[in-house]
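K.L.:
predicted model follows, preceded by the sequence.
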Amino acid sequence: MRNLIICGMACGLVGCDPWSHLPLDGEAWLSEALWDDAVLAAADGLYVRLPYAGELIRIGPDGAVSRVDLGGAEPTGMALGPDGQTLVLFQEWTECATEEEGVDELSECPSEDLVTHPELSLVRNGAMVGDGGPVEVPGFYNRLAFSPWSAGSEVDPVAVAYLDYEGGEIDVDGVLNLTEVLLVNLRTGSTERMSVGFSAGNVLFTADGTRAAVLSRSQVVLVDLTVDPYEKLVTYPLTLDADQEVDPLGAAITPDDQYLLMSVVGSGDLYVMDLVDESINIVDLAAAPAAMSVDASSDRTALVYANKAQVDVLEHRYFAVEPVPLDEPCDSIAELGDGRALLYNRTASTHDVYRLDLTNLDLVEYRVANPVTSLQVSADGNYAVALLRQEWDSGSTDIDAYFDEHWGLSILDLSRDDNTDLVLEAAPVGLALGADGATGEPYALLLLEGVDSLVEVGLWSREVAEIELPAPPTGIGALPDGTFYITHEAALGLVSFLAPGSDALTQASGFAVEGLFTDDSLPAGEEE
Amino acid sequence: MIRKSLCLLVLAGSPAAALAADREISLELGTTGHAAEDNWFLFSGQDALPGFGARLGWPVHERVAVIAGWQHGARGTTVSPGDDGAGEFAAAYYADAWSAGAKADWGICRWFRPYATVQAVGQRAMVRLDDDTGEDDNPNQIQRSDFAVGGLAAGGLDFRVPFAQDRFAVASYLELGYQLLTPSDFDELGSLQNRGLAFRWGLGFRF
């Protein structure tokens, strides 16, 4: 017994916890992060890219982790299809096309003999699907647009891949064709390249998903999605002068699917393309709009301008424009979906948020404490929550100066026409809105930089509650079933799940170590 | 002092009187090479796992002894993944290897005996990963372990200073060989294989 006590005391002195005495005597660097916290929330769980290991994993709401077999390819980008179940995955694998003997690993391959094969594949329920497996595609596509989807639709959902050029290098392997987009049937996985004009930068779909409008430099192409293979229905030239370039800016399709509205860079011209009778009209606007929003309820479109304190309301029959003056310019529009829209400015140091009734043009002004960085509307449309940034105003004094120095959150009551501004401890890193299942009260879930707690703000009561987090958060989102997920600053991977109305977190941790000991071996060649 | 030096010279110059393999107890320091393992850099900037251990020997023949040993090694690093401040984590590797085999020596003289040895090796390796070493019980304290088997073939030089009419000697040895073990499977992390040059220096008694 005495020996046991002595041993216990000795153990206590030196520390029995092996985790506090790891034999760390050096440093190592990895070329990439173990996991990418830009996760995708699909119906069957969260999909997470592991850049260093070159793997894709799925995390179920219960924390169960499974690896998606990509046949040795590495995922490079992904997007969630409109059905909430199908992932469109950009992936690539590397081949060593060398004639040298004895090259068994990629690291042994001469760099000039390394050949990268970019592919596109579909993943559903944790496995690759599609008739032909992964399809080799040009590697420069970086954007996907998805057609609308409904369970009873007879038209297969479609994704259109295109390049949204934002500068930087594009790897050219042979010949690069910047006039093509790639259409992907999300049910069968079949793909089709289509030439649509130089530098396609935006793709819109009609509400019934039967047609796609691809906007490229100086032309718009309408594609029929109901036939196999897909066909170009009509090409709309945006200019008859070959020396003139017309670059689309913003675009929308009217609720009846008949008209495509398109603004262009550096001009106040609004192109109105009739998708049924194949004609183009041009409407003169005050300037190039910063944002436009089509409202199905009022059948009107709101347009705002970054440098002009005015909102224009466009009706869809004669395309007459009704201007409404504002106190401050706006560059963003949030749709409320009931004939009203919220107008705000995300870039300027303005403080106004406007609620506009698109039918009778009634305008309500909300004055928030600091400039808005983002804004979300609750599911019932009765509240909006705006995140406010710090500002430096030498003219501010007292409480205004105090608020200016802090980040903030403003709750806008869209039925009572008032707003409440709250001061935040740190910069927000995420905001999500939900509703209490029992009381129906909407609430905002807020994450703050470096703060290990989730802040819940009731939008009726303005009461604030906190839920302790296991690590500083980096983002928040929701699964299709309403379960919230929170990503954390944790090199080895950490995601918390929060069921709506609950204050108990469940966690998935350590998933980023999947495949940590990477295999550099070349894929085995096929035998003749 | 002069007398002691003379004694050593006499011992060194005398003919080999006791050539038989002896009983042995030694403590040792050494390294096991991991140069062939691509992922070893996660645990050490050097291509080897240094460690310490002990070895016992028992003669079964005039020049042959069976030997058994144990070696322990541990290494770790602080790993920085990516260049976008994705956070660091600690990676540590522990190995405990038990070996048994035969050693055959060649008694050139009383104080110097080259030898060769072949041993079977069993090793329990353990990996610990932790992305918040300041916390005692954070969620990401990950530990995986596995058992591997293999062998070691080495040659060595045994230097002795005999006492008590050669019934007892203080001995030191240098040993260099190659160790090859089966891969250790650390579940979802993947596998690591301990293989490469093995070097040991030991100090002990022969009797």
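P.N.:
Nice, I can see it.

K.L.:
what segments of chain B are strands?
P.N.:
Here chain B has its strands, by DSSP state E, at B:24-33, B:48-59, B:64-81, B:89-105, B:112-130, B:141-163, B:168-181, B:184-185, B:191-192, B:195-206.

K.L.:
next, the angle from the third one to strand B:195-206.
P.N.:
This points to strand B:64-81. Counting by axes from the mean of the first three to the mean of the last three Cα atoms, to 10 degrees, strand B:64-81 points 130 degrees away from the direction of strand B:195-206.

K.L.:
of the strands of chain B, which is nearest residue A:412?
P.N.:
For the strands of chain B, distance to residue A:412 was read as Cβ to Cβ. The smallest value, 40.6 Å, belongs to strand B:64-81. In short, each C-beta sits where N, CA and C put it, glycine included.

K.L.:
may I have that closest one as CSV, with CA atoms only?
P.N.:
Listed next in CSV are the C-alpha coordinates belonging to strand B:64-81 (Å, rounded to 0.1, in the frame of the first residue of the first chain):
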residue,chain,number,x,y,z
VAL,B,64,26.8,-18.4,-29.9
ALA,B,65,24.5,-16.7,-27.5
VAL,B,66,20.8,-16.1,-27.5
ILE,B,67,19.9,-12.5,-26.9
ALA,B,68,16.7,-10.7,-26.1
GLY,B,69,16.2,-7.0,-26.0
TRP,B,70,13.8,-4.1,-25.6
GLN,B,71,14.0,-0.7,-27.2
HIS,B,72,11.8,2.3,-26.8
GLY,B,73,11.8,5.4,-29.0
ALA,B,74,9.6,8.5,-29.3
ARG,B,75,9.6,11.4,-31.6
GLY,B,76,7.2,14.2,-32.5
THR,B,77,6.8,17.5,-34.2
THR,B,78,4.4,20.5,-34.3
VAL,B,79,2.8,20.3,-37.8
SER,B,80,1.7,23.4,-39.7
PRO,B,81,-0.8,22.4,-42.4
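
K.L.:
got the buried residues for that strand?
P.N.:
For strand B:64-81, burial by neighbour count (16 or more other Cβ atoms under 10 Å in any protein chain shown) applies to B:65-67, B:69, B:71, B:73-81.

K.L.:
leaving out chain neighbours, which residue sits closest to the residue of chain B found nearest chain A?
P.N.:
With Cβ to the nearest Cβ as the measure, the residue in chain B that lies nearest chain A is residue B:190; the distance is 3.1 Å. For residue B:190, ignoring the flanking residues on the chain, the nearest one in space by Cβ to Cβ, 6 or more residues apart in numbering or on different chains is residue A:517 at 3.1 Å.

K.L.:
the one you found in helix, strand or coil?
P.N.:
In terms of secondary structure, residue A:517 is coil; the call rests on DSSP: H, G, I helix; E, B strand; the rest coil.

K.L.:
quick one: contacts for it?
P.N.:
Going by Cβ atoms under 8 Å, 6 or more residues apart in numbering or on different chains, residue A:517 touches B:39, B:42, B:186, B:189-192.

K.L.:
repeat that for 10 Å
P.N.:
Applying Cβ atoms under 10 Å, 6 or more residues apart in numbering or on different chains, we find residue A:517 in contact with A:53, B:37-40, B:42, B:127, B:183-186, B:188-193.

K.L.:
who are the contact partners of the residue nearest to the spatial centre of chain B?
P.N.:
Nearest to the mean C-alpha position of chain B, by Cα atoms, centre = their mean, lies residue B:30 at 4.5 Å. Counting by Cβ under 10 Å, 6+ apart, residue B:30 touches B:48-53, B:69, B:71, B:73, B:174-176, B:198-202.

K.L.:
ok, residue A:333 next?
P.N.:
For residue A:333, the contact set (Cβ under 10 Å, 6+ apart) comprises A:289-295, A:301-304, A:311, A:341-344, A:354, A:356, A:375.

K.L.:
cool, residue A:251 as well?
P.N.:
Contact criterion Cβ under 10 Å, 6+ apart gives A:201-204, A:213, A:215, A:220, A:260-264, A:270-271, A:273, A:292, A:294 as the residues in contact with residue A:251.

K.L.:
sort out for me which of these are in strands.
P.N.:
The strands, defined by DSSP E, take in A:202-204, A:213, A:215, A:220, A:260-264, A:270-271, A:273, A:292, A:294 from the contacts of residue A:251.

K.L.:
for PyMOL, what selects the buried ones among these?
P.N.:
Command for PyMOL that selects the buried part of those, burial taken from 16+ other Cβ under 10 Å:
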select buried, chain A and resi 202+203+204+213+215+220+260+261+262+263+264+270+271+273+292+294
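
K.L.:
can you list the low-confidence ranges for the stretch 151-300 of chain A?
P.N.:
Counting by pLDDT under 70, the low-confidence segments of the stretch 151-300 of chain A come to A:166-174.

K.L.:
do the same with chain A
P.N.:
For chain A, the stretches with pLDDT under 70 are A:1-16, A:131-132, A:166-174, A:520-528.

K.L.:
show me where pLDDT drops low in chain B?
P.N.:
Residues of chain B meeting the criterion pLDDT under 70: B:1-21, B:35-36, B:84-86.

K.L.:
try it again at 90.
P.N.:
Residue ranges of chain B with pLDDT under 90: B:1-22, B:32-38, B:45-48, B:61-63, B:82-87, B:106-111, B:132-139, B:162-168, B:193-196, B:207.

K.L.:
now residue A:469. Nearest residue, chain neighbours left out?
P.N.:
The shortest distance from residue A:469 to any non-neighbouring residue, by Cβ to Cβ, 6+ apart, is to residue A:452 (4.8 Å).

K.L.:
let me redo that: residue A:67
P.N.:
Going by Cβ to Cβ, 6+ apart, residue A:67 has residue A:57 as its nearest residue, at 5.4 Å.

K.L.:
just checking, what packs against the helix or strand where the one you found lies?
P.N.:
Under the criterion DSSP states H and E, the helix or strand holding residue A:57 is strand A:55-59. Judged by 3 or more Cβ pairs under 10 Å, 6 or more residues apart in numbering or on different chains; DSSP states H and E, the packing partners of strand A:55-59 are strand A:40-42, strand A:45-50, strand A:65-68, strand A:74-80, strand A:86-96, strand A:114-124.

K.L.:
what's the first one packed up against?
P.N.:
The one in question is strand A:40-42. By contact count (3+ Cβ pairs under 10 Å, 6+ apart), the secondary structure elements abutting strand A:40-42 are strand A:45-50, strand A:55-59, strand A:74-80, strand A:86-96, strand A:114-124, strand A:473-478.

K.L.:
then the last one?
P.N.:
Judged by 3+ Cβ pairs under 10 Å, 6+ apart, strand A:114-124 is in contact with strand A:40-42, strand A:55-59, strand A:74-80, strand A:86-96, strand A:127-129, strand A:135-136, strand A:158-162, strand A:180-185.
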